[in-house]
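**Student:** no letters, just coordinates:
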């Protein structure tokens, strides 16, 4: 009985966590800073850089940078206005994509002349910072105030208007693309197989304990 109760409690917690996650909203891009990520403006193993004149929309809850590395380092981001720190966040090492999203405390009001800073240190490999070449007057700057070759690309993100539940059909449709045969039914079949596998595993555990 104790094992059965523990198994039931674990499954219940798993279902509750799944419901809570799917009830949340996916992040959407509310605004970009207009610097296209068409070239690496810097390649380094350790960087601390800031750029001013950033417009940060209200309700921004995450900031996405274009950083390219096979296995990326820990990245921290901070948003300042008038010399005051208004939001900050950190994402751990181990990311592999070219877009790194750092969650920050949601901003209640827009910031029209903010300074955005980010840094990473002790990277095992060279990291490329995506952005666009600009004049030194508006370029991002390093810790010593030296101008970088351009401005780095920034995307400001917030929670979307819909939950993951409402996107289930769309996700299932995309899941079934590029396969033969194709169709949304593939996603539901996978879900059915996974659920059946969990149910069978629970049954076998309980039977072995009888």
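**Tutor:** All right, it came through fine. Remember, it's a predicted structure, so these values are computed and weren't measured experimentally.
**Student:** CA atoms for contacts and neighbours, from now on please.
**Tutor:** Noted.
**Student:** the helix or strand of the chain with the lowest mean pLDDT: how far from the chain's middle?
**Tutor:** Least confident element among the helices and strands of the chain, by mean pLDDT, DSSP states H and E: helix 168-175 (a mean of 81). Helix 168-175 sits 20 Å away from the centroid of its parent chain (C-alpha atoms, centre = their mean, to the nearest Å).
**Student:** list the contacts of that helix.
**Tutor:** Helix 168-175 is contacted by residues 183, 184, 185, 186, 187, 188 when judged by C-alpha atoms under 8 Å, 6 or more residues apart in numbering.
**Student:** and stretch 174-185, how far out from the chain middle?
**Tutor:** That offset, for stretch 174-185, works out to 26 Å (C-alpha atoms, centre = their mean).
**Student:** residues of that stretch that come out buried?
**Tutor:** Buried residues in stretch 174-185, counted by 16 or more other C-alpha atoms under 10 Å: 175, 176, 183, 184.
**Student:** give me the sheet partners of the strand or helix carrying residue 89 and which way each runs.
**Tutor:** Here residue 89 is covered by strand 84-91, with elements defined by DSSP states H and E. Taking DSSP bridges as the criterion, strand 84-91 forms sheet pairs with strand 75-81 (antiparallel).
**Student:** which SS state does the nearest residue to residue 202 once chain neighbours are set aside fall under?
**Tutor:** Spatial nearest neighbour of residue 202, excluding adjacent residues (C-alpha to C-alpha, 6 or more residues apart in numbering): residue 7 at 7.7 Å. When classified by DSSP: H, G, I helix; E, B strand; the rest coil, residue 7 comes out as helix.
**Student:** and the gap between residue 7 and residue 192?
**Tutor:** From residue 7 across to residue 192, the span is 20 Å (C-alpha to C-alpha, to the nearest Å).
**Student:** the more surrounded of those two?
**Tutor:** Between residue 7 and residue 192, counted using other C-alpha atoms under 10 Å, residue 7 has the larger neighbour count: 15 against 11.
**Student:** how far away is the more buried one from residue 206?
**Tutor:** 9 Å.
**Student:** likewise residue 14?
**Tutor:** Computed with C-alpha to C-alpha, the distance linking residue 14 and residue 206 is 18 Å.
**Student:** okay, and the residue most central in space within the chain sits in which element?
**Tutor:** The centroid of the chain falls nearest to residue 101 when counting by C-alpha atoms, centre = their mean (3.6 Å). For residue 101, the host element (DSSP H and E) is strand 99-103.
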